[in-house]
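Asker: need a structure here:
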Amino acid sequence: MTHSGTARRTPMAAEGLADRIVHLTQVALCAPDLPSGIEPTLDVLIQDTAAVGSAYFHLEAQDLTFRVRAAAGALPDGPAMQAIVTHGLPAGLPLLQALRDSPVPLYFEDTGASPVSAGFPELGVASLAAAPVRAASGELLGAFLMHTFVPHEWHPDERRLFRSIGATLATLGGRLTAERQAHTAREAALRALGLALEARDQETQGHTDRVTALTVRLAERLGWTGEHLQALRWGAYLHDVGKIAIPDRILLKRGSLTLSERQAMQRHVPEGLRFAQALGFLPPVALHVIQDHHEQWSGRGYPHGRRGTDISEAGRIFALCDVYDALTSTRPYKAAWSAQEAVAELQAQAGRHFDPDLLPVFLDLLAEGTTAQPTETGASTGGPGHAPRRADRR
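Answerer: Prediction:
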């Protein structure tokens, strides 16, 4: 990017600034994530101040670094900037330490003249403005920076705009941080519930995580992204949650199930759906996994006997991954099949159990070696004819 100075813009009238701040606040409050809420703000700074570039660095709790979450305009070139983009700004940087204690933005007309802005002259940044972004508790969430590559005196109208925008970003950062913490807690709780059910059902250790990861990779290959992918993952964690209602004498029975016991086992699907709906926050895609993962393309599945594309895509995707992992894992009632044996079974069931259009995509994924291998595999006892997968347990 070109390092050049920028002539100072005409000062914005007070009423124009107010309108701009109201608009940016509305954008920030409606934003689904930090980048989409912040980028319009960064663009305004470059348009209405002498800044040639601007960026927002957000504190990542896991490694206590401040990482770029949004940027606009001209950023410094060179290895030092690349290191910042890759690894973030360390929390011990003098500027960040100063922002922790400062209730207002800090301005540096000459970054080489202050120890607080140490490190920035080496990046080619001559003048800098930095605003703290805080949670309601006062905790520093991030740092909002704008810069020039030639010395510049930050004028009152530029400072007023920067200070006001910093307050807007604090609102956005606080809200989205709280939402992310709530999301993380939900994700952990759903996964923990899935693992608990896995242990009770005496499944091979790691089934929940393996089948969830495989389901997500297949969905990504099909173009799933964002919230739909998250919902699919949540549904995968809870696909067998209804087994919580199945008595141990049936769930843990070693021998074959009677007809009445098999019917009772199949009740785990509606029971699971009832439980999941009671949570109150699971999106439809997650519920589709729980509801449809035992339906079959031919209509011979349960609980509703749906067929073809009447089965949700989430259910069809998950069914493929679930059966593959079941086949290639050791269970109390069977040895693990080899990958080749499992693939042969899936191919034999295309258009019967599985969506025939999804199967080639899944097999391509397997062939590329991007799937996790089962953690417990045993010598096959001879393939499908000799290693029944005990469908009454699923």
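
Asker: residue ranges in the stretch 101-250 of the chain under the pLDDT threshold?
Answerer: By pLDDT under 70, the low-scoring segments of the stretch 101-250 of the chain are 136, 166-179, 181, 201-205.

Asker: tell me which stretches of it form strands.
Answerer: Ranges of strands in the stretch 101-250 of the chain, per DSSP state E, counting those that start in this stretch, are 106-108, 127-134, 140-148.

Asker: quick one, which of the ones you listed is nearest to residue 78?
Answerer: Closest of the strands of the stretch 101-250 of the chain to residue 78 is strand 140-148, at 14.5 Å (criterion: C-beta to C-beta). All C-beta spots, glycine's among them, are computed from the backbone N, C-alpha and C.

Asker: report the angle between the closest one and strand 127-134.
Answerer: Note on geometry: by axes from the mean of the first three to the mean of the last three C-alpha atoms, to 10 degrees, strand 140-148 and strand 127-134 are set 160 degrees apart in direction.

Asker: could you list the paired strands of strand 140-148 along with their orientation?
Answerer: Sheet pairing of strand 140-148 (DSSP bridges) gives strand 53-60 (antiparallel), strand 127-134 (antiparallel).

Asker: got the buried residues for the first one?
Answerer: This points to strand 53-60. By neighbour count on 16 or more other C-beta atoms under 10 Å, the buried set for strand 53-60 is 53, 54, 55, 56, 57, 58, 59.

Asker: now the second one: how far from residue 282?
Answerer: It stands for residue 54. Separation of residue 54 from residue 282 (C-beta to C-beta, to the nearest Å): 38 Å.

Asker: before we move on, back to that, go through the strands of the stretch 101-250 of the chain and name the closest to residue 97.
Answerer: strand 140-148 (9.8 Å).

Asker: export the closest one as PDB, just CAs?
Answerer: Provided in PDB are the C-alpha atoms of strand 140-148 (Å, rounded to 0.1, in the frame of the first residue of the first chain):
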ATOM      1  CA  LEU A 140     -10.400  -3.000  28.100                       C
ATOM      2  CA  LEU A 141     -12.000  -5.000  25.200                       C
ATOM      3  CA  GLY A 142     -10.000  -3.500  22.300                       C
ATOM      4  CA  ALA A 143      -8.100  -0.600  20.800                       C
ATOM      5  CA  PHE A 144      -9.300   1.600  18.000                       C
ATOM      6  CA  LEU A 145      -6.500   3.200  16.000                       C
ATOM      7  CA  MET A 146      -6.100   5.600  13.100                       C
ATOM      8  CA  HIS A 147      -2.800   6.800  11.600                       C
ATOM      9  CA  THR A 148      -1.000   8.800   9.000                       C
END
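
Asker: relative to residue 237, how far out is the most centrally placed residue in the chain?
Answerer: Geometric centre of the chain, nearest residue: residue 230, 6.3 Å, by C-alpha atoms, centre = their mean. Residue 230 sits 11 Å away from residue 237, going by C-beta to C-beta.

Asker: again with residue 150
Answerer: 54 Å.

Asker: quick one: which of these two has more around it?
Answerer: residue 237 (26 against 12; other C-beta atoms under 10 Å).

Asker: quick one: the host helix or strand of residue 67 to strand 53-60, angle?
Answerer: Assigned by DSSP states H and E, residue 67 belongs to strand 65-73. Calculated by the same axes, to 10 degrees, strand 65-73 forms an angle of 160 degrees with strand 53-60.

Asker: continuing past strand 65-73, what's the next helix or strand?
Answerer: Downstream of strand 65-73 (by DSSP H and E), the next one is helix 79-87.

Asker: elements contacting the helix or strand just after that next one?
Answerer: Counting by DSSP H and E, the next helix or strand C-terminal to helix 79-87 is strand 89-90. Applying 3 or more C-beta pairs under 8 Å, 6 or more residues apart in numbering; DSSP states H and E, one finds that strand 89-90 contacts strand 65-73.

Asker: okay, now the domains of this protein?
Answerer: Per automatic domain parsing, the structural domains of the chain span 14-178, 201-393.

Asker: hang on, residue 301 packs against residue 295?
Answerer: Yes - with contacts counted by C-beta atoms under 8 Å, residue 301 reaches residue 295, the gap being 3.9 Å.

Asker: list the residues that contact both of these two?
Answerer: residue 311 (C-beta atoms under 8 Å, 6 or more residues apart in numbering).

Asker: looking at these two, which is more packed in?
Answerer: Counted by other C-beta under 10 Å, residue 301 and residue 295 do not tie: residue 295 has more neighbours, with 25 against 21.
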